[in-house]
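In: coords please:
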Amino acid sequence: MNRDILLCGVGGQGTVLASKLIAAAAMSSGYTVHSAETIGMAQRGGSVTSHVRIGDRAYSPLIPEGNADVILAFEPAEAVRNLTLLKKNGVVIVNRVPVKPVTESLQDTGYDGSRMIEYLQSKCAGLVVVDAEKICGELGSSRYFNVAILGVAVGRGQIGLSAEAVLREIEAKVPEKYRQMNQKAFYLGKRIGDTYAAQ
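Out: Numbers count the residues shown, from 1 in each chain. Got it, this is the predicted structure:
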């Protein structure tokens, strides 16, 4: 299997943990993995991009333009920002809920992510829009969305890994006090992904 997966969001959304779970699950499944993070002013809500390349065709950790099989976008504007990396007929799984930048609080630009979603709908035939507020409402915190979107991708069949492989890594890498909620988040996301896969 060869798969190029791009994860993008802003600081504090757990993008890096999600990418590490994918990479570890792929390695434990016997695949060669290259990964890298591009982190801006992450702790201040800056862009965070993680590249995960699975398989023998990758010779560098960064995904070339037009090569990503799937983009997991934790924020609508970040999905648009990274869209040039998506291959033709690639899939974008995006969170509908925006993270408003600091500039939004200084001057009301009206950014609510809706125009970004409309743009993605016009450009991506394989678009999956996920509502983090709806998923995380059941979990009591938005901090679990990173694992939920991973569940969507696994259920949709986009990353080529089994649910069992990913759950093993959640068990191994997530602190015990957060483990049960992350497992629940994964299953909630996977249920959504399963629905899309059945269409």
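In: pLDDT-wise, which helix or strand of this protein ranks last?
Out: helix 102-106 (a mean of 62; mean pLDDT, DSSP states H and E).
In: List the buried residues of the next helix or strand after that one.
Out: Per DSSP states H and E, the first helix or strand lying C-terminal to helix 102-106 is helix 114-123. In terms of neighbour count (16 or more other CB atoms under 10 Å), helix 114-123 has its buried residues at 116-117, 120. (C-beta placed from N, C-alpha, C; glycine too.)
In: if I look at Glu171, how far off is Asn146?
Out: 16 Å (CB to CB, to the nearest Å).
In: between the buried residues of helix 114-123, which is nearest Met27?
Out: Checking the buried residues of helix 114-123 against Met27 with CB to CB, the nearest one is Leu120 at 30.8 Å.
In: For the closest one, list the residues it contacts.
Out: 76, 79-80, 83, 92, 94, 127, 129 (CB atoms under 8 Å, 6 or more residues apart in numbering).
In: can you do 7 Å?
Out: 79-80, 92, 94, 127 (CB atoms under 7 Å, 6 or more residues apart in numbering).
In: and of those residues, the nearest to Gly140?
Out: Once CB to CB is applied, the member of the contacts of Leu120 that ends up nearest Gly140 is Val94, at 22.8 Å.
In: How about Thr38, nearest residue that isn't a chain neighbour?
Out: Take Thr38 and drop its neighbours on the chain: the residue closest to it by CB to CB, 6 or more residues apart in numbering is Thr49, 4.4 Å away.
In: ugh, wrong one, I meant Phe186
Out: In space, Phe186 is closest to Gly151, 4.1 Å off (CB to CB, 6+ apart).
In: Return the distance of the helix or strand containing that neighbour from the chain's centre.
Out: If you go by DSSP H and E, Gly151 is part of helix 145-156. Centroid separation for helix 145-156 versus its chain: 7 Å, with CA atoms, centre = their mean, to the nearest Å.
In: Show me what that helix is packed up against.
Out: Helices and strands touching helix 145-156, by 3 or more CB pairs under 7 Å, 6 or more residues apart in numbering; DSSP states H and E, are helix 15-28, strand 68-73, strand 86-95, strand 126-130, helix 132-137, helix 163-173, helix 176-198.
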